[in-house]
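**Q** Mind looking at a prediction? Sequence and model below.
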Amino acid sequence: MTLAEEFRSRNFSIYGQWTGVLCIILCFALGIANIFHLHLIILFSIICLVCAFILIFVEIPLLLRICPTSAGFDNFIRKFNSNYMRAAIYGVMSLVQWLGIIVKATSLIAAAVVLLIAAAFYALAGIKGQQFQGSKTLGGQGVAQMIV
């Protein structure tokens with residue numbers, strides 16, 4: 001299945017996964033950009049960076065095979081294989097960034113919005129009863145098993 005066919009499948013988990021890739025990029029970039037504030041916002045930018053690294057492993061399953069990680073970390077990441085669990089982790093990450101607005105309004109709001117959109121896509125996939133479907137482009141559905 002090509003990338004265009006994946007998007008035409010109307011499976012919200014595919015949309016969520018690609019929005020998750022956007023979240024990775026945004027969280028990494030905005031986490032670094034906001035870490036230079038001399039304010040409590042540094043804490044939220046560090047959390048945003050940590051979220052980016054967690055999401056890399058959640059959204060790109062191929063990396064769990066390639067990168068040397070502990071069994072505990074692998075088990076933690078594998079908990080997010082369903083639409084509802086992914087919606088939950090994105091929702092929590094979004095909530096944390098929204099709470100950063102209490103301290104100071106910064107560009108981390110963009111990360112909060114995109115994380116919320118990804119959570120909504122995964123929640124919609126769960127509500128509609130769609131099976132989680134990982135994008136083949138990102139290493140889902142058999143690609144990770146082919147390397148072993």
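**A** Cool, got the structure.

**Q** And the residue of the chain most remote from its centre, how close does it get to Gly16?
**A** No residue in the chain sits farther from the centre than Leu38, which is 27.4 Å out by C-alpha atoms, centre = their mean. The gap separating Leu38 from Gly16 is 36 Å, by C-beta to C-beta, to the nearest Å. C-beta: built from backbone N, CA, C; applies to glycine.

**Q** Check Cys51 too.
**A** Taking C-beta to C-beta, one finds Cys51 at 15 Å from Gly16.

**Q** On the pLDDT front, check Gln145 for me.
**A** What the model reports for Gln145 is a pLDDT of 44.

**Q** Equivalent analysis for Gln131, please.
**A** pLDDT, read off for Gln131, is 81.

**Q** Now do the same for it: helix, strand or coil?
**A** The local conformation at Gln131, judged by DSSP: H, G, I helix; E, B strand; the rest coil, is coil.

**Q** list the contacts for it?
**A** Asn11, Ser13 (C-beta atoms under 8 Å, 6 or more residues apart in numbering).

**Q** pLDDT weak spots in the protein?
**A** Within the chain, the segments meeting pLDDT under 70 span 1-9, 134-148.

**Q** now the helices for it?
**A** Secondary structure of the chain (DSSP state H): helices at 3-8, 12-34, 41-59, 62-66, 71-78, 83-103, 108-127, 143-147.

**Q** Quick one, which of those helices gets closest to Gln133.
**A** Ranking the helices of the chain by their distance to Gln133 (criterion: C-beta to C-beta) puts helix 12-34 first, at 5.2 Å.

**Q** Report all helices and strands that that closest one contacts.
**A** helix 3-8, helix 41-59, helix 83-103, helix 108-127 (3 or more C-beta pairs under 8 Å, 6 or more residues apart in numbering; DSSP states H and E).

**Q** Could you rerun that using 6 Å?
**A** With contacts defined as 3 or more C-beta pairs under 6 Å, 6 or more residues apart in numbering; DSSP states H and E, helix 12-34 has these neighbours: helix 41-59, helix 108-127.

**Q** of those helices, which approaches Ala87 most closely?
**A** It is, among those and with distance given as C-beta to C-beta, helix 108-127, at 3.8 Å.

**Q** So what touches the closest one?
**A** With C-beta atoms under 6 Å, 6 or more residues apart in numbering as the test, helix 108-127 has contacts from 12-13, 15-16, 19-20, 22-23, 26-27, 30, 34, 44, 48, 83-84, 86-87, 90-91, 93-94, 97-98, 100.
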